[in-house]
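J.: Whatever this is, show me its structure:
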Amino acid sequence: MKKHICLIHAGGTIGMVKGEKGYYPKEGYLETILDGIADLKSDDMPLVDFYEMSPLLDSSDMAVDDWNRIGLEVAKRYDSYDGFVILHGTDTMAYTSSALSFMLENLTKPVILTGSQIPLCEIRSDGRDNLITSLLIAGSGKINEVCLYFGGRLLRGNRATKMSADGLLAFDSPNCPRLAEAGISIRYLPFTSKEESNLPFSLCKLESVPIGVLKIFPGISFPIFDTLMTEKLKGIVLETFGAGNIPGEGHTLLPIIKKAFSAGSIVTVCSQCPQGTVTLGAYATSSPLVSAGAVSGYDMTTEASVAKLYYLFSKGYSSEKIKELMETDLCGELTK
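T.: Now for the predicted structure:
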């Protein structure tokens, strides 16, 4: 029996048209384009129902409320379909795929995000292959988690990051093996599956709590960030050098982190390097971060770290519990 897949159009380049001010998402347009793609009607394709969200968004406009809208559309249809493909813009696709990996609790079906660098209305669009292959993967029954498919690569959703602004191989997962590669055939690779749960599927809607990202750079003046570290700021992702290092003058940062933690904020240390892991204490320049109350993000992407903070605060956990869980693998987002 053919699998039944729900195709959800959230917006992004794949369904855009060219206007006077550039490309923009046009409601009702993509479905007419899809009707003209003969391959979507092939006997080898799963059954597909199309749903278009409103309003459609350029992904740079995506926010927490929009993640909730997408999650709700999946949850409403969860029992009616074997899997889901979500069309999304590339700029924040890795953020959305990370967020959904936490929000869609006890997921036992594929949810695959994809899109394109070139709109389907253009002759060289990469969207056609990304869409068709995503639907085939969703209908294969081989993957049951949130994934991101792009340019022949199937990636774990909370491990993906955008690597190129204009290349067709736009995404990769530097700290996690690809789940599949699509060439002449779709080749599924050995990977560690997320732990299966006997609990029923549920949706955890995210609260839009104040979260910030601070990138360390040579010559940074930490005191100017002191006024930001109030009880209103719930979480911050600190993008440090290498394995978690900060400049030697970073002693001025430590009281700020202590102040943030005492106010209930969580400071998570990630690396600016796309590949590798944070090892707090490996160098003298990182060990003070631990005593100040910061936690290690290990090899999590910034996208996953931000999404995970939103998720854990939305669950209503205490600061100590969130610190513990930020360093715990919940759904394949980190390697400890």
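J.: Just give the number of residues close to residue 209.
T.: Around residue 209 there are 15 other residues, counting by other Cβ atoms under 10 Å. Every C-beta, even on glycine, is put in place using the N, C-alpha and C of the backbone.
J.: can you check residue 180 too?
T.: 20.
J.: Do you know the pLDDT at it?
T.: Listed pLDDT for residue 180 reads 97.
J.: Also residue 281?
T.: 77.
J.: Checking it next. Helix, strand or coil?
T.: Secondary structure assignment for residue 281 (DSSP: H, G, I helix; E, B strand; the rest coil): coil.
J.: Leaving out the residues flanking it, which one is nearest to it?
T.: Spatial nearest neighbour of residue 281, excluding adjacent residues (Cβ to Cβ, 6 or more residues apart in numbering): residue 287 at 4.4 Å.
J.: So residue 226 versus residue 191, what's the distance?
T.: 43 Å (Cβ to Cβ, to the nearest Å).
J.: whoops, I mixed them up, residue 287
T.: On the measure of Cβ to Cβ, residue 287 and residue 191 end up 34 Å apart.
J.: Give the residue spans of the stretch 1-150 of the chain that score low on pLDDT.
T.: Within the stretch 1-150 of the chain, no stretch has pLDDT under 70.
J.: Can you show me the strands along the stretch 151-300 of the chain?
T.: Applying DSSP state E, counting those that start in this stretch to the stretch 151-300 of the chain gives strands spanning 153-156, 161-162, 171-172, 180-182, 186-188, 202-203, 211-215, 235-240, 266-271, 295-296.
J.: what does the domain assignment say about this structure?
T.: 4-203, 211-326 (automatic domain parsing).
J.: For residue 335, which of those is the nearest?
T.: domain 211-326 (5.4 Å; Cβ to Cβ).
J.: That closest one: end-to-end distance?
T.: Length of domain 211-326, first residue to last, Cα to Cα, to the nearest Å: 14 Å.
J.: Check stretch 42-52 too.
T.: 22 Å.
J.: tell me which residues in it are buried?
T.: Within stretch 42-52, the residues that qualify as buried are 45-46, 48, 52, counting by 16 or more other Cβ atoms under 10 Å.
J.: among those residues, which are in strands?
T.: Residues of those located in strands (DSSP state E): 48, 52.
J.: Pull stretch 201-210 out as CSV, backbone CA atoms only.
T.: Taking C-alpha atoms only, stretch 201-210 is exported to CSV below (Å, rounded to 0.1, in the frame of the first residue of the first chain):
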residue,chain,number,x,y,z
PHE,A,201,3.0,11.7,20.2
SER,A,202,2.5,15.2,21.5
LEU,A,203,3.3,18.8,20.6
CYS,A,204,5.2,21.1,22.9
LYS,A,205,4.4,24.7,21.9
LEU,A,206,7.3,27.1,22.5
GLU,A,207,7.1,30.2,24.5
SER,A,208,8.9,33.3,23.1
VAL,A,209,11.3,33.8,26.0
PRO,A,210,14.1,36.3,25.6
